[in-house]
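**Student:** sequence and predicted model, in that order:
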Amino acid sequence: MTKSLENKINDAVQSVEPSPEFTETLWKEIRAASQIAHAPRRAPRWRWLPITAVIALLAVILLIVSPQQVWASLRGLFDFLPGIGLVQDDQTTLYLYEPVSLEQNGATLTIDQVVSDANQTVVSYRIDGLPNESHCSYNINHLLLPDGKKLLPTGGGLSNEGGIVQARIQFFALPEGVTQATLYTAVDPDDPELSACGAPKEWKVDFTLSTTKPADMELLPVVESTAESTAEAEDTAVKISIDKSVALDDGYILYGSFQLSNPYWQGAGIDFRTITVRDAAGREIPLEQEDVLSSPNGLTDDNVFAIKVAARDFTPPLRLHVQNLWIMAVYTEGIPVFSFDAGPDPHVGQNWEINKEVDVDGIQIYFRDVEVVEEPTDQGRDDSLEKGYAITVTQSSAQNFSGGYSCEGQGEGRPDYGTAGPSSELYPFILYYSGGLPYGSVTCSIFDAHFLLPGSWEIEWQPPLAEE
Amino acid sequence: MDQNILEDRISMRQMHEDAELVSASQRNPAAFEALYRKWLKPVYRYFYFRLGNVKDAEDLTAQVFLNAYQDLPRYRSRGAFSAWLFTIAHARLVDHYRRDGRKAAREVSIEQLEIPISAADLPAQAAQKGEIEQVFALLKGLTEKEQTLIRLRFMAELSYKEIGQVLHCKEDTARKSVSRLLERIKKQMENDHDEVS
């Protein structure tokens, strides 16, 4: 009988569908957004698949680079290499002269390009011949050096579509004098899908670099720029500048940076849904988002951006208009937002009403309650299921506000991992703790926030005259 | 038990497929279309069977996919993509009621329902209308959380594992909650039928 009830519900549900007109119109809207951006926010680590070592490293260290030092911190002048990005081409820069391959069980890993300059080493590789159903995620990538040390990744990512893996991984720069290394890539042994990976689970490919450039390699010149934004008075908290450009066959890549006056604001990103570019004739020019460069210590700088003007046939100058910026704020020491008495032994389901509005750096945040929850499956450091505090925020004065909170109290519990994505009244921010949940008098603090800053910034950019 | 194992396997395969689609989309935005086409109907139905009208369902569905597209770089593959998607969906629903100045009403009156009829002939249309009205009648009188369970299971077509991730409960808890809820609804229907006869 229950099955009959289920069938009734299913039959009714299946009879309801969005109209074809709505389906196609919405997809066009989404694609229209992608004409100007792949996605907003910053750095390769958001655009690419997560790399475990990068996330761990970035969770610990935050790079604060003054606006004037954004490009100055990168030694030397740059060229642009398609498929790799900005490259510092000087007498010490090393290249992979020709691709190297390794075949295992019918699959082949080919390292197509390697460039190692003073700032980074970038390896571009692909794996062909994997079974279509291989379900292999090669999320472990590092370079093995001749002295046995390991270079960890600092950015990049990979995709696996139809049995072909394509990867572009950034690493720290090779130590001076090192011209040989081994690319090591493997499936994460903790991957729950490991047993479904029907392809070789690890690869080791040696390669040798030299200062000889591949015969068909074309480096494109990068030109300095001095274009800066003008803005309405209330937008002076952020200044946007275009610092460099590269002329391509089908457009230009513009590299820019943000100058943030608020000391808590660590990074910014252009909301590419709201950026438009017009030429002097008023014609709108298509844009695409580009990857940004990591800084010399391998950490992604949160104050730089890159966009591609996908056209060459326009009437200069170009006028960029930016309406929204994503802001990432970090409160390094934590700003306490509320306290409660969790008692000696907080248990799952226990709830405390907070009902408090707090001002954090000019942003009003309303906290409704906090509740003890338990992780659905064991993903933490403990062998047992970890408990966490679920904090419900119902309102904020900042748009698209998302905050990260951590609570302290008695006991040895330390933050382990939390939820990602937007939180709302019914879906709170949750942080699980290893070593036990903090108890007794508990104080929760905000450590980071992410929100949309509306504004109006205009930047006029003139393409360089000498392009060849 | 066998059915649960089979469902678990299908669910894991679906979650893995979603993870690959997400990674493809993060690299190439055009690849988001596969995720969009896969999840459009479940998201739309999830909203329709809460709001009872096409326009609001379309508006919120559009917001979810535009949000998901925009926030995809923030997505970290801990848990199912579907759980993240329906977390966004529910946030949009809460925002909708807040903006609308009304409390999150549990009940949509049958008279106010806008029923999108797609059947070809009149008898089929009448049957379709009746079935949809029946589902709304079933949902009527359930608590918000009970309605959410039904909508996540039947309209969003989520597995118990995915429902657990959305509602922050164990998979087994989600399974038992839905099962008990359906038993209760069935008993209520039988009682109502007995009273009428």
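**Tutor:** Great, that's in hand.

**Student:** for chain A, which residues score under the pLDDT cut-off?
**Tutor:** Along chain A, the model assigns pLDDT under 70 to residues A:1-3, A:33-77, A:132-135, A:189-196, A:230-236, A:291-302, A:376-383, A:419-427, A:466-468.

**Student:** longest helix in it, please.
**Tutor:** The helix that spans the most residues within chain A, counting by DSSP state H, is helix A:20-36.

**Student:** so where's chain B uncertain?
**Tutor:** Counting by pLDDT under 70, chain B shows low-confidence ranges at B:1-9, B:73-79, B:98-113, B:116-120, B:193-197.

**Student:** kindly recompute the last result at 90.
**Tutor:** For chain B, applying pLDDT under 90 flags the ranges B:1-31, B:50-56, B:63, B:66-81, B:83-148, B:160-174, B:176-177, B:181-197.

**Student:** show me where it has its helices.
**Tutor:** Going by DSSP H, chain B shows helices at B:2-27, B:32-51, B:54-71, B:81-100, B:122-139, B:144-150, B:160-167, B:171-196.

**Student:** element containing the residue of the stretch 101-250 of chain A found nearest chain B, please.
**Tutor:** Proximity of the stretch 101-250 of chain A to chain B (CB to the nearest CB) peaks at A:Ser159, 4.4 Å away. C-beta: built from backbone N, CA, C; applies to glycine. Using DSSP states H and E, A:Ser159 falls within strand A:153-161.

**Student:** same for that strand, what does it pack against?
**Tutor:** Using 3 or more CB pairs under 8 Å, 6 or more residues apart in numbering or on different chains; DSSP states H and E as the contact test, the elements touching strand A:153-161 are helix A:44-47, helix A:52-60, strand A:140-144, strand A:164-171, helix B:2-27.

**Student:** work out the sheet partners of that strand and label each with its direction, please.
**Tutor:** Here strand A:153-161 has these sheet partners by DSSP bridges: strand A:164-171 (antiparallel).

**Student:** mind listing residues that contact the partner strand?
**Tutor:** For strand A:164-171, contacts defined as CB atoms under 8 Å, 6 or more residues apart in numbering or on different chains pick out A:44, A:51, A:83-84, A:120-128, A:130, A:136, A:138, A:141-143, A:151-159, A:185, A:294, A:298, B:27.

**Student:** measure stretch A:433-447 end to end?
**Tutor:** Terminal residues of stretch A:433-447 lie 16 Å apart, using CA to CA, to the nearest Å.

**Student:** oh, that last question was meant for stretch B:63-80, not what I typed.
**Tutor:** Terminal-residue distance, stretch B:63-80 (CA to CA): 20 Å.

**Student:** winner for burial among the helices of chain B?
**Tutor:** Mean neighbours per residue, mean count of other CB atoms under 10 Å in any protein chain shown, is largest over the helices of chain B for helix B:160-167, with a mean of 25.

**Student:** ok so, going back, what comes up buried for the strand holding A:Ser159?
**Tutor:** A:153-160 (16 or more other CB atoms under 10 Å in any protein chain shown).

**Student:** now, which of those residues sits nearest B:Ser177?
**Tutor:** For those, the closest approach to B:Ser177 (CB to CB) belongs to A:Asn160, at 35.6 Å.

**Student:** which ones are touching that closest one?
**Tutor:** A:130, A:134, A:136-138, B:20, B:23.

**Student:** in JSON lines: the buried residues of strand A:153-161, plus distance to A:Asp206.
**Tutor:** Formatted as JSON lines, the buried residues of strand A:153-161 follow (distance: CB to CB, whole Å):
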{"residue": "A:Pro153", "distance to A:Asp206": "18"}
{"residue": "A:Thr154", "distance to A:Asp206": "22"}
{"residue": "A:Gly155", "distance to A:Asp206": "23"}
{"residue": "A:Gly156", "distance to A:Asp206": "20"}
{"residue": "A:Gly157", "distance to A:Asp206": "23"}
{"residue": "A:Leu158", "distance to A:Asp206": "20"}
{"residue": "A:Ser159", "distance to A:Asp206": "24"}
{"residue": "A:Asn160", "distance to A:Asp206": "23"}
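
**Student:** which two of those residues have the greatest separation?
**Tutor:** Largest separation among the buried residues of strand A:153-161 by CB to CB: A:Thr154 and A:Asn160, giving 21.2 Å.

**Student:** how near is B:Thr87 to B:Val94?
**Tutor:** To B:Val94, B:Thr87 is 11 Å away according to CB to CB, to the nearest Å.

**Student:** the helix or strand where A:Thr182 lies pairs with which strands, and in what direction?
**Tutor:** Using DSSP H and E, A:Thr182 maps to strand A:180-186. If you go by DSSP bridges, strand A:180-186 pairs up with strand A:140-144 (antiparallel), strand A:202-208 (antiparallel).

**Student:** quick one: residues in contact with the shortest one.
**Tutor:** By CB under 8 Å, 6+ apart, the surrounding residues in contact with strand A:140-144 are A:51-53, A:121, A:123, A:150-153, A:158, A:167, A:169, A:171, A:174, A:181-188, A:204.

**Student:** rerun at 6 Å
**Tutor:** Strand A:140-144 has contacts (CB atoms under 6 Å, 6 or more residues apart in numbering or on different chains) with A:150-153, A:169, A:171, A:181-182, A:184-186, A:188.

**Student:** filter the residues you listed down to the buried ones.
**Tutor:** A:151-153, A:169, A:171, A:181, A:184-186.

**Student:** of those residues, just say which sits nearest to A:Ala310.
**Tutor:** Closest approach to A:Ala310 among the buried ones among the contacts of strand A:140-144 (CB to CB): A:Ile169, at 25.9 Å.

**Student:** quick check: closest non-adjacent residue to that closest one.
**Tutor:** Among residues not flanking A:Ile169 along the chain, A:Gly156 sits closest, at 4.1 Å (CB to CB, 6 or more residues apart in numbering or on different chains).

**Student:** what does A:Asp11 give?
**Tutor:** Counting by CB to CB, 6+ apart, A:Asp11 lies nearest to B:Glu131, which is 5.8 Å off, once chain neighbours are set aside.

**Student:** separation between that neighbour and A:Phe22?
**Tutor:** Counting by CB to CB - B:Glu131 and A:Phe22 are separated by 22 Å.

**Student:** again with A:Ser396
**Tutor:** 31 Å.

**Student:** test my guess that A:Lys239 contacts A:Ser261.
**Tutor:** No. Using CB atoms under 6 Å, A:Lys239 makes no contact with A:Ser261, being 8.0 Å away.
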